[in-house]
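Asks: fold the following.
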Amino acid sequence: MSLLPLPVPDIFLYSIAAAAILIYAPFLLVAYARVQIGYEMLSAPRAMFDKLPAYAQRATWAHQNSFEAFMIFSAAALMAYVTGVNSQSAVTAAIAFVLARLLYSVFYIANIPILRSLMFGLGSFSSATLFYLSIVISIK
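Replies: Predicted coordinates for the structure are as follows:
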């Protein structure tokens, strides 16, 4: 039923794995900025936050927000997996979440708030769609 050459349940699981990896993508920029500041500050990484350049501060916030969004999405994708949701809408929602979260971090770090907010909304809608489809399937 999917346009991808994978079974729908696999797409849910791979999207969870991809979303988990994306949590740490913004942190690569934070690590780079920390090294630029100097190794002596590594003993107190939270104290160095104010010394980070603006892009690295935004990357930190994107990283932190990714944990919050991941918890909701992973529950929604696992619920779809367990209830046997098997629709193109669910596949689209799972893939859209991953792409939206990737772009969310890019737009956050680049300081483009309107696009960042749109990606946050799309990711949230994707998670809500998976919850909705799972509930509809389980009621039938």
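Asks: how close does the nearest residue to Tyr32 once chain neighbours are set aside get to His63?
Replies: Nearest non-adjacent residue to Tyr32, counting by Cβ to Cβ, 6 or more residues apart in numbering: Ala56, 7.7 Å away. Quick note: C-beta positions are derived from backbone N, CA and C, even for glycine. Using Cβ to Cβ, to the nearest Å, Ala56 is found at 10 Å from His63.
Asks: now for these two: what residues contact both?
Replies: Val30 (Cβ atoms under 8 Å, 6 or more residues apart in numbering).
Asks: worst mean pLDDT across the helices and strands of the protein, which element?
Replies: helix 8-37 (a mean of 92; mean pLDDT, DSSP states H and E).
Asks: other SSEs contacting it?
Replies: Counting contacts by 3 or more Cβ pairs under 8 Å, 6 or more residues apart in numbering; DSSP states H and E, helix 8-37 packs against helix 54-83, helix 88-109.
Asks: quick one: pLDDT of the residue sitting nearest the centre point of the chain?
Replies: The C-alpha lying nearest the average C-alpha coordinate of the chain belongs to Arg101 (Cα atoms, centre = their mean; 4.0 Å). Note for Arg101: predicted pLDDT of 98.
Asks: now swap in the one 10 residues further on and tell me
Replies: Among the per-residue scores, Asn111 shows a pLDDT of 98.
Asks: where does the prediction get shaky in the protein?
Replies: 1-4, 39-45, 140 (pLDDT under 70).
Asks: re the thing from before, and the residue nearest to Tyr32, how far from Glu68?
Replies: Using Cβ to Cβ, one gets 20 Å for the distance from Ala56 to Glu68.
Asks: now do the phi/psi pair for Pro7.
Replies: phi -60, psi 150 (degrees, to the nearest 10).
Asks: quick one, what contacts the nearest residue to Ala128 once chain neighbours are set aside?
Replies: Distances taken as Cβ to Cβ, 6+ apart place Ala76 nearest to Ala128, at 7.5 Å, with adjacent residues excluded. Ala76 sits next to 127-128, 130-131, 134 when contact means Cβ under 8 Å, 6+ apart.
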